[in-house]
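1. model the structure of this input:
(one chain, ligands or ions: 1)
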Amino acid sequence: MKSKQTNNKTIDQILQLIDQSQTFLIASHESPDGDAIGSTLALANALREMGKDVVAYNRDHAPHEYAFLPGIDTVVSTVDESQTFDAGFVLDAGELQRAGRWIKGRCRALVNVDHHPYSEDFGDIYFVDTEASATSVLIYRLLQSAGHKVSSDVATCVYTAILSDTGSFHYSNANPEAFQVAAEMVALGVDPWSIASRLYESQDLKRLRLLALALPTLQASACGQYASIAVTLKMYESSETSEEYTDRFINYPRSVRGVEVAIFFRQLTENRFKIGFRSKGNVDVGALARAMNGGGHHNAAGAEVEGSLESVRKWVYARVAELLSDQ
Ligand SMILES: [Mn+2]
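-> Numbering: from 1, shown residues only. Predicted coordinates for the structure are as follows:
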């Protein structure tokens, strides 16, 4: 873990860079979750409040439930090839390629802000703290050090990101700082019920129809330690949905009693699947995903595998069983 002192020095470097820059690119990982999109918009809104020119970018659309986040309409999924930036921020990404390799060549200085272990050192400034519950907490630390007054827009983004990355304060990363920063955001006017209801009680009916198609694919291993769920292209077609509607589907196999590793098979093309892994305790699914040319961290990771659902399942189950037998 990086020491607090390193963090302070790093924060000073970042604040100096912000001071000296006018144009910014802010990006995060593909298939953004609440922390990715919340951190992006927390920083984008704050920099705009400082009078900076900001392009907020993500390769993919954020899930629909985040549509209420202030500034979401400003997030673009393409950036003109001729455009360059004084400074770039890549947030919550783990690896640059999950945000876009092209970013490095377009920014005069690049900052990696992250809380994933094994976060790649691709930038000029490395602001990574694995103890942070969410990347948005690191953005908050930056704004505090900058003496920037947190607006209600920024507070909404910071709070939503923490809520999302801690699983509504369920997970072990819900540390004192997560509660402290959340409490400060509430003191600034964030309404927890309003955000919770938008995130968890404003589902598109289509999402539930897709879930209804996916749940029959639930499989649990004979040992009971791993379980999976799958979504196919056919299911998207008949429910008129897409990958954006599958956020948190992996929580269903994950919630089964005794399950250590949850697996989510998402069909990308006829013969290719995206595999999501979540582990509950000590099982390192990050290592498992990296062995499949994927990436991620200890308790959440992903990879892509070629084959039919049947063959991909069989192959992945064998790897997971191997991993569990080594514990
Ligand atoms: Mn995160």
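2. for the residue in the chain that the ion sits nearest to, what are its contacts?
-> Closest contact between the chain and the ion, by CB to the ion, is at residue 35 (3.4 Å). C-beta coordinates here come from the backbone N, C-alpha and C atoms, glycine included. Residue 35 sits next to 92, 134-136, 161-162, 164-165 when contact means CB atoms under 8 Å, 6 or more residues apart in numbering.
3. of those, buried ones?
-> Neighbour counting by 16 or more other CB atoms under 10 Å classes 92, 134-136, 161-162, 164-165 among the contacts of residue 35 as buried.
4. may I see the buried residues of stretch 182-189?
-> 182, 184-185, 188.
5. how far off centre is that stretch?
-> 22 Å (CA atoms, centre = their mean, to the nearest Å).
6. now do that stretch: everything it contacts.
-> Residues contacting stretch 182-189 (CB under 8 Å, 6+ apart): 150, 152, 155-156, 158-159, 162-163, 169, 192.
7. change it to 6 Å
-> 150, 152, 155, 158-159, 162 (CB atoms under 6 Å, 6 or more residues apart in numbering).
8. let me know the closest of the residues you listed to residue 262.
-> Using CB to CB, residue 162 comes nearest to residue 262 of those, at 22.2 Å.
9. the closest one contacts residue 134, doesn't it?
-> Yes - the pair residue 162 / residue 134 is scored as a contact, 4.8 Å apart, by CB atoms under 6 Å.
10. picking up where we left off before, got JSON lines for the buried residues of stretch 182-189, with secondary structure and pLDDT too?
-> As requested, the buried residues of stretch 182-189 are exported to JSON lines (DSSP: H, G, I helix; E, B strand; the rest coil; pLDDT from 0 to 100):
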{"residue": "182", "secondary structure": "helix", "pLDDT": "98"}
{"residue": "184", "secondary structure": "helix", "pLDDT": "98"}
{"residue": "185", "secondary structure": "helix", "pLDDT": "98"}
{"residue": "188", "secondary structure": "coil", "pLDDT": "97"}
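11. quickly run through the sheet partners of the lowest-mean-pLDDT helix or strand in the chain, with directions.
-> The helix or strand of the chain with the poorest confidence is strand 295-297; it has a mean of 82 (mean pLDDT, DSSP states H and E). Here strand 295-297 is paired, per DSSP bridges, with strand 300-306 (antiparallel).
12. the strand it pairs with and the ion in contact?
-> No - counting by CB under 5 Å from the ion, the ion is not contacted by strand 300-306; separation bottoms out at 9.0 Å.
13. list the buried ones in the helix or strand just after that strand?
-> Per DSSP states H and E, the first helix or strand lying C-terminal to strand 300-306 is helix 309-325. Residues of helix 309-325 classed as buried by neighbour count (16+ other CB under 10 Å): 312-313, 316, 319-321, 323-324.
14. pass me the low-pLDDT residue ranges in the protein, would you?
-> 1-6 (pLDDT under 70).
15. OK, contacts around residue 41?
-> Applying CB under 6 Å, 6+ apart, we find residue 41 in contact with 69, 71, 157.
16. what sits against the last one?
-> If I follow you right, that is residue 157. Here residue 157 is in contact with 38, 41-42, 69 (CB under 6 Å, 6+ apart).
17. what's it sitting at in phi/psi?
-> Torsion angles at residue 157 (phi, psi; degrees, to the nearest 10) stand at phi -70, psi -40.
18. burial count for residue 81?
-> 8 (other CB atoms under 10 Å).
19. again, but for residue 21
-> Residue 21, neighbours per other CB under 10 Å, totals 18.
20. how about residue 192?
-> 13.
21. same question, the one 3 residues further on
-> Counted with other CB under 10 Å, the burial measure for residue 195 works out to 20 neighbours.
22. residue 82 in helix, strand or coil?
-> Assigned by DSSP: H, G, I helix; E, B strand; the rest coil, the conformation of residue 82 is coil.
23. count of residues packed around it?
-> Around residue 82 there are 6 residues (other CB under 10 Å).
24. before we move on, what about residue 105?
-> Other residues lying near residue 105 total 9 when counted by other CB under 10 Å.
25. in the helix or strand harbouring it, which residues are buried?
-> Residue 105 belongs to helix 103-106 when assigned by DSSP H and E. Of the residues in helix 103-106, 103, 106 count as buried by neighbour count, 16+ other CB under 10 Å.
26. please apply the same query to stretch 27-44.
-> For stretch 27-44, burial by neighbour count (16+ other CB under 10 Å) applies to 27-29, 31-44.
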